[in-house]
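1. Okay, here's the prediction I keep looking at, along with the sequence it came from:
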Amino acid sequence: MKREKRSISWGSVLMICFTGLVLLLIAAFFLLLIGNRGYDAGGAVLSRIQEATNGELPHEEIEEKSATDTSAETIEIPVQTEINPIQLSIVAYGCVSMPRLIRERFLQPDGSYDFSRLFVGFDPLFEKADVGIATLEMMTTTEAEAMNTHNGPVEVLDALQQLGVGFVSLATERMLDKGYEGLTMTRNELMRRAIEPVGAEETSGSRYTMISVGGMKVALLAYTYGISEEGKRETNDDELQIAHTMDMDAVQRDILEAKIAGADLIVLQPHWGVKNNADVTTEMREAAYKMAKAGADIIIGCHSGVVSEVEDIRVTRSDGLPYHTLVCYSLGSLVSDARTQQNTASLAVCISLSYIPETRKITFERIEGFPVYVAQNTDESWNILNCQDAESVLLLSETEKEKMEEAVKMIHETVHYGGMQW
């Protein structure tokens, strides 16, 4: 008996379609639920594939990933800015006094003095400088009867101005020989000539002089080992405490205050040493090291009247970084009537340096030494000349020229600093 063939009813068809639609909706809801986790999983799979292929993906996959990856970070390459160091040049001279034998040769009929012919051949030197410094081992006066080696005519300051000197240390043992009145007069005469006195402030303010040169702040500080007996008598042992004596705690504190005030370069002028002795004492070396450690960059010494050695001190300061400090222990006497070989010669130094504000780094680019000779001519006139100026040397007699050459040789042997250019 044959079985009757059955057909699918329309109801069954509708049920199948409805069931398929429900399955599609469930699948769509599942994809929406897992969201970005699917992409993360896919990324993990791609990473495993990349590792398996030594980091190389097929070209098509790389393009597809780049086109769809919106979370990639943008790497910015910093632009290199040009660093332009500040250039600065300093010329330093030795001690200045005015002995009678020299002073009288420049006396004019009207009682004034004209020292314009005293210094010869210095134009090429001070034209190099942004800053010119010296030490004035005397006070000034207009009274002829009051003049001596350490109390000279005010016209001496005109001669210093012609040398390009803009800053003068008054911190010497002679600064109070004529009392506070003499010091005040000398300060006023200096400032009238646009020369800034250093080391003898008459107020309770800062004990440094701050200047700005070419965008660089320079602090100048000056100290003396003490004052003369005459100065003590005139001021009741400096009852106003005007003199900057070389108390190392005070020196270090002054340097720190100058640094805090924004000084980029610290220049110190200590008045120290033993008269007519070129040897550097242990005390001087220890003091120089402490000054350098505290932040002094340049130290220009005076007082002995003769030239001493030049040294480069290397220290590590409180910031843990290494620094160089240039020390000229003594530049000798710029003006002297003593005729011994060591007293007739002094040293002028031109210091060229660069400074990078971003790193606060100072580099000594060039240190130049210029021997200076005090010549007594056959007519009893006097000249102080730059020994490296050929035209000036021609003014000397043969005898005086030989003395100059011996003095220059002695300076070279005394300084013995390999970094000095002559």
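-> That came in fine, so what should we check first? Numbers count the residues shown, from 1 in each chain.
2. And the helices in the stretch 301-422 of the chain?
-> Per DSSP state H, counting those that start in this stretch, the stretch 301-422 of the chain carries helices over the ranges 341-344, 390-393, 398-415.
3. among the ones you listed, which is nearest Ile356?
-> With Cβ to Cβ as the measure, helix 398-415 is the member of the helices of the stretch 301-422 of the chain nearest Ile356 (28.7 Å). For every residue, glycine as well, the C-beta is placed using N, CA and C.
4. Identify the residues contacting that closest one?
-> Here helix 398-415 makes contact (Cβ atoms under 8 Å, 6 or more residues apart in numbering) with 278, 307-310, 341-342, 344-345, 347, 369, 371, 373, 375-378, 387, 393, 396, 422.
5. So for it, mean pLDDT?
-> Across helix 398-415, pLDDT averages out at 95.
6. send the alpha carbons of that helix over as CSV?
-> Taking Å, rounded to 0.1, in the frame of the first residue of the first chain, the C-alpha atoms of helix 398-415 are listed here in CSV:
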residue,chain,number,x,y,z
GLU,A,398,119.0,100.8,24.5
THR,A,399,119.8,100.5,28.2
GLU,A,400,116.2,100.9,29.2
LYS,A,401,115.1,98.4,26.5
GLU,A,402,117.5,95.8,27.9
LYS,A,403,116.0,96.3,31.4
MET,A,404,112.5,96.0,30.0
GLU,A,405,113.4,92.7,28.2
GLU,A,406,114.8,91.3,31.5
ALA,A,407,111.7,92.3,33.3
VAL,A,408,109.4,90.7,30.7
LYS,A,409,111.4,87.5,30.9
MET,A,410,111.0,87.5,34.7
ILE,A,411,107.2,87.9,34.3
HIS,A,412,107.0,84.9,31.9
GLU,A,413,109.0,82.7,34.4
THR,A,414,106.9,83.8,37.3
VAL,A,415,103.4,83.4,35.8
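7. For it, buried residues please.
-> By 16 or more other Cβ atoms under 10 Å, the buried positions in helix 398-415 come out as Glu400, Lys403, Met404, Ala407, Val408, Met410, Ile411, Thr414, Val415.
8. Also stretch 136-149?
-> Across stretch 136-149, burial judged by 16+ other Cβ under 10 Å covers Leu136, Glu137, Met138, Met139, Thr140, Thr141, Met147, Thr149.
9. partner residues bridging Asn148?
-> Beta-bridge partners for Asn148, by DSSP bridges, are Asn151.
10. hmm, back to that, give me the buried subset of the contacts of helix 398-415.
-> Neighbour counting by 16+ other Cβ under 10 Å classes 278, 307-310, 342, 344-345, 347, 369, 371, 373, 375-376, 387, 393, 396 among the contacts of helix 398-415 as buried.
11. Mind jotting down where the strands sit in the stretch 51-200 of the chain?
-> Using DSSP state E, counting those that start in this stretch, the strands of the stretch 51-200 of the chain run over residues 86-96, 119-120, 131-136, 139-141, 151-153, 167-169, 196-198.
12. Same list, those, but as a markdown table with distance to Thr245 and mean pLDDT please.
-> What follows is the strands of the stretch 51-200 of the chain, written out as a markdown table (distance: least, Cβ to Cβ, whole Å; pLDDT from 0 to 100):
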| stretch | distance to Thr245 | mean pLDDT |
| --- | --- | --- |
| strand 86-96 | 18 | 97 |
| strand 119-120 | 31 | 96 |
| strand 131-136 | 15 | 97 |
| strand 139-141 | 18 | 96 |
| strand 151-153 | 21 | 95 |
| strand 167-169 | 13 | 98 |
| strand 196-198 | 15 | 96 |
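13. Same list, those strands, but as a markdown table with distance to Ser318 please.
-> As requested, these are exported to a markdown table (distance: least, Cβ to Cβ, whole Å):
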| stretch | distance to Ser318 |
| --- | --- |
| strand 86-96 | 24 |
| strand 119-120 | 42 |
| strand 131-136 | 27 |
| strand 139-141 | 38 |
| strand 151-153 | 43 |
| strand 167-169 | 27 |
| strand 196-198 | 25 |
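14. For Gln322, list each beta-bridge partner.
-> Actually, residue 322 is Pro. It isn't Gln. Beta-bridge partners, per DSSP bridges, of Pro322: Thr316.
15. residues contacting it?
-> Applying Cβ under 8 Å, 6+ apart, one finds that Pro322 lies in contact with Arg314, Val315, Thr316.
16. Kindly report the same for Ile227.
-> Glu173, Arg174, Met175, Leu176, Thr235, Asp238, Ala243.
17. Can you flag which of these belong to helices?
-> Among the contacts of Ile227, DSSP state H puts Thr235 in helices.
18. Of the contacts of Ile227 - the most surrounded one?
-> Counting neighbours by other Cβ atoms under 10 Å, the top entry in these is Met175, with 32 neighbours.
19. Tell me how far that residue lies from Lys232.
-> With the distance defined as Cβ to Cβ, to the nearest Å, Met175 ends up 12 Å from Lys232.
20. thinking again about what came up before, closest one to Gly320 among the helices of the stretch 301-422 of the chain?
-> Among the helices of the stretch 301-422 of the chain, helix 398-415 comes nearest to Gly320, with 32.0 Å by Cβ to Cβ.
21. what distance separates the closest one from the centre of its chain?
-> Centroid separation for helix 398-415 versus its chain: 31 Å, with Cα atoms, centre = their mean, to the nearest Å.
22. Centre-most residue in the chain?
-> The centroid of the chain falls nearest to Leu265 when counting by Cα atoms, centre = their mean (3.0 Å).
23. What pLDDT is listed against it?
-> As predicted, Leu265 sits at a pLDDT of 98.
24. Skipping adjacent residues, who's closest to it in space?
-> Sequence neighbours aside, Val218 is the residue nearest to Leu265 in space, at 4.6 Å (criterion: Cβ to Cβ, 6 or more residues apart in numbering).
25. ok, Ser97 - how many residues close by?
-> Using other Cβ under 10 Å, the number of residues around Ser97 comes to 24.
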